[in-house]
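Undergrad: When you get a sec, could you give me coordinates for this:
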Amino acid sequence: MFNNVEGKLYKKVAITFIIVTSLNIILDIVVLGTTGWMIRTVQVYDGQNETTIHYHGGLFRACGPDRCANMNPTRGARTAAAFVIMALFMRCTCIALVILTMLKKIRAYPQSAKLSFISGFGSFVAYLAHTHAFEQGVTFGYSFALACVVAVLSIGNSFILGWELR
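TA: This is a model prediction of the structure:
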């Protein structure tokens, strides 16, 4: 299937692909479970003092200054969660295909690169579906930044795997 030089280079690229994709899976799980998607800042005036309160919102939970609570997800949050979960399944499939290709059971490296690209693009769609960037007082949180990093890593990872196999 591969000559000796191509086989060694492919294995190095494939192992890097597996490591980066595994990191993406871990970060996606963090993104799903945290409340750092957006931070809403509210100014409260009680007659004497003005106080700034920060609320942190995730896909499924929202946290205020005192406590956290489960929330009824909006359509955007449900869409974002669905895309993130689909991207997780695609990334797991990518890892399986690359491992099977390394074991010389199948020849699926183009499919792995394409799936990685689609999962990264799907992640961007998910993040955009749940953003409230145009509302006043809302900023992006660390989970949103992690989600964007995962999407960029997935797309870059697919190009590296695809470029090596040209």
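
Undergrad: And the pLDDT for N3?
TA: We have a pLDDT of 53 for N3.

Undergrad: How about I85?
TA: 82.

Undergrad: That one: which element?
TA: helix 75-102 (DSSP states H and E).

Undergrad: Next, the angle from the longest helix along the chain to helix 75-102.
TA: In the chain, with assignment by DSSP state H, the single longest helix is helix 4-33. Counting by axes from the mean of the first three to the mean of the last three Cα atoms, to 10 degrees, helix 4-33 lies at 160 degrees to helix 75-102.

Undergrad: What is helix 4-33 packed up against?
TA: When contacts are defined as 3 or more Cβ pairs under 8 Å, 6 or more residues apart in numbering; DSSP states H and E, helix 4-33 packs onto helix 75-102, helix 109-130, helix 142-164. Every C-beta, even on glycine, is put in place using the N, C-alpha and C of the backbone.

Undergrad: pretty sure T34 contacts G58?
TA: Yes: T34 lies in contact with G58 (Cβ atoms under 8 Å); the separation is 5.6 Å.

Undergrad: anything in contact with each of these two?
TA: Common neighbours of T34 and G58 (criterion: Cβ atoms under 8 Å, 6 or more residues apart in numbering): S143.

Undergrad: Pick out whichever of these two has more residues nearby.
TA: Taking other Cβ atoms under 10 Å, T34 and G58 do not tie; G58 has more neighbours (25 against 18).

Undergrad: okay but that one is in contact with C68, surely?
TA: No: contact criterion Cβ under 8 Å: G58 and C68 do not qualify, at 9.2 Å.

Undergrad: which one of the helices and strands packed on helix 4-33 has the lowest average pLDDT?
TA: When I compare the helices and strands packed on helix 4-33, helix 109-130 is least confident, with a mean of 73.

Undergrad: Can you name the element that comes right after that helix?
TA: strand 138-140.

Undergrad: and that following strand, which residues are buried?
TA: 138, 140 (16 or more other Cβ atoms under 10 Å).

Undergrad: swap in stretch 138-148?
TA: 138, 140-141, 143-144, 146-147.

Undergrad: next one: stretch 64-84
TA: So, applying 16+ other Cβ under 10 Å, buried residues of stretch 64-84: 73, 77, 79-81, 83-84.

Undergrad: V42: which of those is nearest?
TA: Distance to V42 across the buried residues of stretch 64-84 (Cβ to Cβ) is lowest for A77, with 19.6 Å.

Undergrad: That'll do, ta.
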